[in-house]
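Student: Here is the input, now give the coordinates:
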Amino acid sequence: MKPHPIPFLLLPVLAALLLGPLLAAPAELVGVEGTVELTRVDGEAPKACKVGDRLYVGDRLRTLAGAGAQVRFANGSLTAVGEKTIFTVRSLEEGTSMKVGLNLASGSLFSAIKKLGANEQFTVHTPSAVAGVRGTELGVQHEGRRSLITVHQGRVAVTAMGQPASMLDAGQAAEIEEGGAAIVRALQEDERARGAGFFGRLTNAQRPANGSNLQAPPGGTNGSTNMARPGGRRALLNILQPIRPPYLAGVAEKGARITVKVNDRQAGEERSLASAAFRFNLDGALREDPLGEKPNRVDVRAENADGATAQASFTVFWDRTPPSLSGLVWRLVPGRLLIEGGIGEAGMLMVAGVPVPLDPHGRVIPGFGIPLERVVEGVNAVFASDRAGNRVNANWVVKKPRQPPPPPAR
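Tutor: The predicted model follows:
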């Protein structure tokens with residue numbers, strides 16, 4: 001049978017069908033705020049980004065002051081880019097085994113990663129560390145010679161250059177100086193709030209199907225929504241927990257009106273901040289019925305510009321009891337002040353100005369010791385705080401072992 005020639009007009013269509021999967025970019029800008037510059041690997045001059053721009057291996061993204069961007073990857077994972085950030089796409093592979101690698105030179109990246117398969121990976125490299133995830137919410141920041149990795153959900157493997165990997169669970173952070181080891185500690189409240197602001201930019205429409213929004217606390221509802229009119233946008237309301245007394249923190253849409261009641265008393269009403277994050281000092285608004293160590297009912301309501309509402313109701317116990325130092329012990333071992341025990345709850349511990357790594361239950365990571373050159377002869381300050389902001393101080397008197405005099409010179 002005589003072959004039929006392919007019509008000329010169909011050639012572009014066939015080329016797109018055959019080559020499209022090979023040429024498609026597995027990363028795309030889905031949000032741009034302010035001035036964001038994209039420099040292609042081919043050396044073209046930087047150009048202003050727009051929604052829909054695709055990213056390829058070797059491309060460099062830079063956000064200026066007050067700017068930000070959101071990047072969506074092939075499997076639906078998302079990354080929010082902070083202001084004054086520079087990162088380069090290290091690797092991008094899609095298909096049966098998606099692999100993403102980003103090089104963060106400076107600034108901050110907050111990522112909501114969809115659960116990855118056994119052959120898939122998502123890594124963020126900084127000058128001092130590598131963070132690898134399987135499916136989680138994490139922040140990676142680098143400034144000067146210091147990297148900070150914060151885990152908001154899931155688990156993250158953090159590897160400082162030349163050091164073994166450390167596993168971080170949700171609620172933990174790692175600080176790494178260039179050339180140094182990872183110092184693991186509890187996530188601080190301002191770090192939680194900053195992460196909530198970034199994750200709030202990744203709206204429900206953009207987030208991975210099995211990704212995780214910040215949830216309302218147990219016993220409450222998150223996102224019970226009434227549509228204002230057909231086609232209107234749903235209201236977004238995410239409550240940040242734990243709450244640091246006397247503050248309530250959360251995320252809503254930009255411009256949404258937030259109303260808060262505690263024990264059926266009005267505690268405040270305001271529009272959310274430009275970052276979509278909000279915070280209330282509840283004690284200041286409840287002079288007649290101050291918060292105490294008792295169950296307190298909190299009702300939060302968000303209304304967006306389309307008139308849609310979302311509500312969250314829950315009960316909190318306002319923790320005003322500081323952590324305990326009675327469970328901590330120390331002993332001198334060759335070259336180190338070994339610290340054992342714990343503070344009884346999740347939080348932060350510092351001894352002689354050195355952060356002591358704690359697990360999510362407030363126990364000191366086994367084997368941790370402070371080099372003796374960091375410990376002073378005599379009084380050393382001990383400081384601990386819990387996630388509610390309660391603090392306690394103490395002093396440890398340390399007598400260093402005396403070094404034998406050097407042998408006389410011959």
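Student: if I look at A69, how far off is K84?
Tutor: 12 Å (C-beta to C-beta, to the nearest Å). In short, each C-beta sits where N, CA and C put it, glycine included.
Student: Give me the more crowded residue out of the two.
Tutor: In this view A69 and K84 are compared by other C-beta atoms under 10 Å, and A69 has more residues nearby, 25 against 15.
Student: ok, for that one, nearest residue in space, not its chain neighbours?
Tutor: The shortest distance from A69 to any non-neighbouring residue, by C-beta to C-beta, 6 or more residues apart in numbering, is to V81 (4.3 Å).
Student: Identify the contacts common to A69 and K84.
Tutor: Shared contacts of A69 and K84 (C-beta atoms under 8 Å, 6 or more residues apart in numbering): T63.
Student: Please report how far the most centrally placed residue in the chain lies from Q163.
Tutor: In the chain, the centroid-proximal residue (C-alpha atoms, centre = their mean) is G139; its distance is 3.5 Å. Distance of G139 to Q163, given as C-beta to C-beta: 20 Å.
Student: now swap in E178 and tell me
Tutor: E178 sits 12 Å away from Q163, going by C-beta to C-beta.
Student: Over to L337?
Tutor: Relative to Q163, and taking C-beta to C-beta, L337 is found at 21 Å.
Student: Looking at the two, which one has more neighbours?
Tutor: More crowded of L337 and Q163, by other C-beta under 10 Å: L337, with 22 against 14.
Student: so V329 touches G342, yeah?
Tutor: No: the pair V329 / G342 is not scored as a contact, 10.1 Å apart, by C-beta atoms under 8 Å.
Student: So the two - more neighbours on which side?
Tutor: Counting neighbours by other C-beta under 10 Å for V329 and for G342 shows that G342 has the greater number, 22 against 10.
Student: Find the residue closest to L109 in space, skipping its chain neighbours.
Tutor: V140 is the one closest to L109 (C-beta to C-beta, 6+ apart), at 5.1 Å.
Student: Break the protein down into its domains, please.
Tutor: 25-192, 214-317, 328-398 (automatic domain parsing).
Student: May I see those organised as TSV, with distance to F198 and mean pLDDT added?
Tutor: Formatted as TSV, those follow (distance: least, C-beta to C-beta, whole Å; pLDDT from 0 to 100):
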stretch	distance to F198	mean pLDDT
domain 25-192	4	87
domain 214-317	8	62
domain 328-398	20	89
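Student: want to try a markdown table for those domains, with distance to P408 as columns?
Tutor: Below are those laid out as a markdown table (distance: least, C-beta to C-beta, whole Å):
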| stretch | distance to P408 |
| --- | --- |
| domain 25-192 | 38 |
| domain 214-317 | 60 |
| domain 328-398 | 25 |
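Student: Quick check: closest non-adjacent residue to T35.
Tutor: With C-beta to C-beta, 6+ apart, the residue lying closest to T35 is L64, at 4.3 Å.
Student: ok, now which ones touch that neighbour?
Tutor: L64 touches 34-37, 83-84, counting by C-beta under 8 Å, 6+ apart.
Student: how much space between the closest residue to Q121 other than its chain neighbours and G132?
Tutor: Using C-beta to C-beta, 6+ apart and skipping residues adjacent in sequence, the residue nearest Q121 is K99, 5.1 Å away. Using C-beta to C-beta, we find K99 at a distance of 11 Å from G132.
Student: Buried residues in stretch 85-96, which are they?
Tutor: Using 16 or more other C-beta atoms under 10 Å as the test for burial, stretch 85-96 gives 85-90, 92, 94.
Student: As CSV, those residues with secondary structure and distance to H152 would be great.
Tutor: Listed next are these as CSV, based on DSSP: H, G, I helix; E, B strand; the rest coil; distance: C-beta to C-beta, whole Å:
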residue, secondary structure, distance to H152
T85, coil, 18
I86, strand, 23
F87, strand, 19
T88, strand, 24
V89, strand, 23
R90, strand, 23
L92, strand, 24
E94, coil, 25
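Student: Show me which of the residues you listed is closest to M348.
Tutor: Nearest to M348 among those: T85, at 26.5 Å, using C-beta to C-beta.
Student: ok, the closest one touching L109?
Tutor: Yes: the pair T85 / L109 is scored as a contact, 6.9 Å apart, by C-beta under 8 Å.
Student: For the stretch 301-410 of the chain, which segments count as strands?
Tutor: Using DSSP state E, counting those that start in this stretch, the strands of the stretch 301-410 of the chain run over 309-317, 328-333, 336-341, 347-351, 354-356, 369-371, 378-386, 391-398.
Student: Report all helices and strands that the fifth one contacts.
Tutor: Spelled out, it's strand 354-356. With contacts defined as 3 or more C-beta pairs under 8 Å, 6 or more residues apart in numbering; DSSP states H and E, strand 354-356 has these neighbours: strand 183-186, strand 347-351.
Student: Contacts for it next, please.
Tutor: 175, 183, 185, 339, 348-350, 364, 368, 370, 374.
Student: In PyMOL, select just the buried ones from those residues.
Tutor: The PyMOL command for the buried members of the contacts of strand 354-356 (criterion: 16+ other C-beta under 10 Å) is given here:
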select buried, resi 175+183+185+339+348+349+364+368+370
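Student: could the contacts of strand 354-356 go into a markdown table alongside distance to R54?
Tutor: A markdown table is the format used below for those (distance: C-beta to C-beta, whole Å):
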| residue | distance to R54 |
| --- | --- |
| E175 | 34 |
| I183 | 38 |
| R185 | 38 |
| I339 | 50 |
| M348 | 42 |
| L349 | 46 |
| M350 | 46 |
| V364 | 47 |
| F368 | 45 |
| I370 | 49 |
| R374 | 49 |
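Student: between the contacts of strand 354-356, which is closest to F122?
Tutor: Once C-beta to C-beta is applied, the member of the contacts of strand 354-356 that ends up nearest F122 is E175, at 21.4 Å.
Student: Excluding sequence neighbours, find me the nearest residue to that closest one.
Tutor: With C-beta to C-beta, 6+ apart, the residue lying closest to E175 is I183, at 4.8 Å.
Student: Next, format the helices and strands packed on strand 354-356 as a markdown table and append distance to S385.
Tutor: Output for the helices and strands packed on strand 354-356, formatted as a markdown table (distance: least, C-beta to C-beta, whole Å):
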| stretch | distance to S385 |
| --- | --- |
| strand 183-186 | 9 |
| strand 347-351 | 5 |
